[in-house]
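# My questions are about this predicted structure, shown below with the sequence.
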Amino acid sequence: MPESRPFLSVVVPVLNEAGCIASFIDRMTAALDTQVSSWEIVVVDDGSTDRTRVIVEACASGDPRVRLLAGAHRGKGAALQRGMREALGEWRFMADADLAMPPENLSRFLELARRDHAPAIIIGSREAPGSQRIGESLSRHAIGRVFNWIVRLLAVPGLKDTQCGFKMFSAAAAESVFPRLTVSGFAFDVELLFLARRAGLEIREVGIVWHGRGDSRVAFGRGAAAFLDIARIRWRWRHERVQGAGARRSWTILALTAAVFAIGFLYRYNALGGALGGFDGDHFMYYIGAKQVLHGERPIRRIRRIRRIRRMRRIRAATGVTRPTTRGCCCSRRSSGRTPRSIRAMHRSRRAPRPSPPAVRP
């Protein structure tokens, strides 16, 4: 590992943040100098139209550890994707420019990162033990809880807070997850954690102190779009399996389905030579059809019963016994609605006279 590689990279996406970006750089620099031996701040400008770029360039000219990546507006997810790709740190910390989390809370992330068996991803949580919410409106808190409930139901179960803007990734985790990111809007955090969970990466939550902002950009329209993004994430990655177990299961189901239809097709054209006991292909395809299963019937049991009835009829024809059976025939109570007594009377009227036994010679 090269000596110039910093221990921590702080990646912050900005869009028209001229009012707070200078304060962010000053406060984050002071916190990093006391907590980390080597660091860098990567500011990714997402097409700002105010003086954000000018302010960051001025800060970068005075400190080479501050870098600016300027580009057109593509969304917060796309800006973070670029910043994480160009960051050099062993650990990469994504943050919001408004510093809703005080930079002093960074020590909680670093404590986990410096352990021997550190998790690959450490996310700030406003619901984990030790967290504290300050100045958050009741409506925003309610919307956030409903959104998190849907996220846990459809994407990443077990995580209490996926939308906090402060998360730390190891270099390997960032290089594994961020290139596969497809959502650039508000729900990009969910896709990040969804991909990380599928890749088998360990995710740990750490409680933080969080200060609410009255001018937050989380509006109703963006929140509604985030709900749709959750459904898209689930749909887009429904067949994705990082370790291949789900893919093998899908191929197995597909092979079994193809085998069932192949047997039905071959038997329909007598290619199996009556291997199913003379049960023709039309009845075979009918009784194994989805319609029968849908109505709760048991196709294999019906096949066996019909084979048994036909076998009994062949035996009666060979022995000369013409008495029909009421079980499963066309005049049974199940098919005709007649009572058992009327069925027996009808059978007695149709019964052919039995041949008289041969005379016994003296």
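Done, it's in. Since we're looking at a predicted model, the values are computed, not measured. Numbering: from 1, shown residues only.
# Low-confidence stretches in this structure?
Counting by pLDDT under 70, the ranges of the chain that qualify are 1-3, 214-224, 236-302, 321-362.
# Let me see the contact set for residue 192.
Applying C-beta atoms under 8 Å, 6 or more residues apart in numbering, we find residue 192 in contact with 167, 177, 178, 181. For the C-beta atoms, the positions are set from N, CA and C on the backbone; glycine is no exception.
# could you redo the last one with a cut-off of 7 Å?
With contact taken as C-beta atoms under 7 Å, 6 or more residues apart in numbering, residue 192 is in contact with 177, 181.
# before we move on, which element is it in?
According to DSSP states H and E, residue 192 maps onto helix 188-198.
# The helix or strand just after that helix: partners in the sheet, and parallel or antiparallel?
For helix 188-198, the following helix or strand on the C-terminal side (DSSP H and E) is strand 203-207. Strand 203-207 sits in its sheet next to strand 121-125 (parallel), going by DSSP bridges.
# Let me know the angle separating the helix holding residue 192 from strand 121-125.
Orientation check (axes from the mean of the first three to the mean of the last three C-alpha atoms, to 10 degrees): helix 188-198 against strand 121-125 gives 140 degrees.
# Restricting to C-alpha, output helix 188-198 in PDB.
Output of helix 188-198 as PDB, limited to C-alpha atoms (Å, rounded to 0.1, in the frame of the first residue of the first chain):
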ATOM      1  CA  PHE A 188     -29.800   5.500  -3.500                       C
ATOM      2  CA  ASP A 189     -29.000   4.700   0.200                       C
ATOM      3  CA  VAL A 190     -31.400   1.800   0.100                       C
ATOM      4  CA  GLU A 191     -29.900   0.300  -3.100                       C
ATOM      5  CA  LEU A 192     -26.400   0.700  -1.600                       C
ATOM      6  CA  LEU A 193     -27.400  -1.300   1.500                       C
ATOM      7  CA  PHE A 194     -29.400  -3.800  -0.600                       C
ATOM      8  CA  LEU A 195     -26.400  -4.500  -2.800                       C
ATOM      9  CA  ALA A 196     -24.100  -4.800   0.200                       C
ATOM     10  CA  ARG A 197     -26.400  -7.200   1.900                       C
ATOM     11  CA  ARG A 198     -26.600  -9.400  -1.200                       C
END
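# Number the residues from 15 up from this point.
Shifting the count to begin at 15 puts that one at helix 202-212.
# Where do the helices of this protein begin and end?
35-49, 66-76, 90-100, 120-127, 152-168, 185-191, 202-212, 234-250, 259-282, 295-301, 304-308, 313-333, 347-350, 354-364 (DSSP state H).
# Domain-wise, how is the protein divided?
Using automatic domain parsing, the domain parsing of the chain gives 22-250, 259-349.
# ranking those by burial, who's on top?
Ranked by mean neighbour count, the domains of the chain are led by domain 22-250 with a mean of 18 (mean count of other C-beta atoms under 10 Å).
# Could you measure from residue 74 over to residue 243?
Counting by C-beta to C-beta, to the nearest Å, the separation of residue 74 from residue 243 is 33 Å.
# correction: residue 86
Separation of residue 86 from residue 243 (C-beta to C-beta): 21 Å.
# what do you get for residue 136?
Distance, residue 136 to residue 243, using C-beta to C-beta: 24 Å.
# May I have the residues that are in contact with residue 36?
Shown in contact with residue 36 (C-beta under 7 Å, 6+ apart): 69, 73.
# cool, residue 61 as well?
Residue 61 is in contact with 29, 85, 86, 87, counting by C-beta under 7 Å, 6+ apart.
# Would you check that my belief about the first one contacting residue 63 is correct?
What that stands for is residue 29. No: the criterion here is C-beta atoms under 7 Å, and residue 29 misses it with residue 63 at 8.9 Å.
# Quick check: end-to-end length of stretch 127-136?
8 Å (C-alpha to C-alpha, to the nearest Å).
# contacts for that stretch?
Contact with stretch 127-136 is made by 105, 123, 126, 181-184, 187, 210, 215-218, 220, as judged by C-beta under 7 Å, 6+ apart.
# can you rerun that using 8 Å?
105, 123, 126, 181-184, 186-187, 207, 210, 215-220.
# ok, what's across the strand from residue 221?
Bridge pairing for residue 221 (DSSP bridges) gives the partners residue 139.
# didn't it look like it was pressed against residue 144?
Yes: between residue 221 and residue 144 there is a contact under C-beta atoms under 8 Å: 3.3 Å.
# Overlap in contacts, these two.
Here residue 221 and residue 144 have residue 122 as joint contacts, going by C-beta under 8 Å, 6+ apart.
# State the distance from residue 171 to residue 162.
Going from residue 171 to residue 162 by C-beta to C-beta gives 11 Å.
# cool, residue 84 as well?
33 Å.
# And residue 198, by the same measure?
Residue 198 is 21 Å from residue 162, by C-beta to C-beta.
# now residue 317
With distances taken as C-beta to C-beta, residue 317 is found 51 Å from residue 162.
# can you check residue 184 too?
Distance of residue 184 to residue 162, given as C-beta to C-beta: 24 Å.
# ditto for residue 50
30 Å.
# again, but for residue 55
29 Å.
# same thing with residue 210?
17 Å.
# just residue 332 next, same as before
For residue 332, the distance to residue 162 equals 74 Å [C-beta to C-beta].
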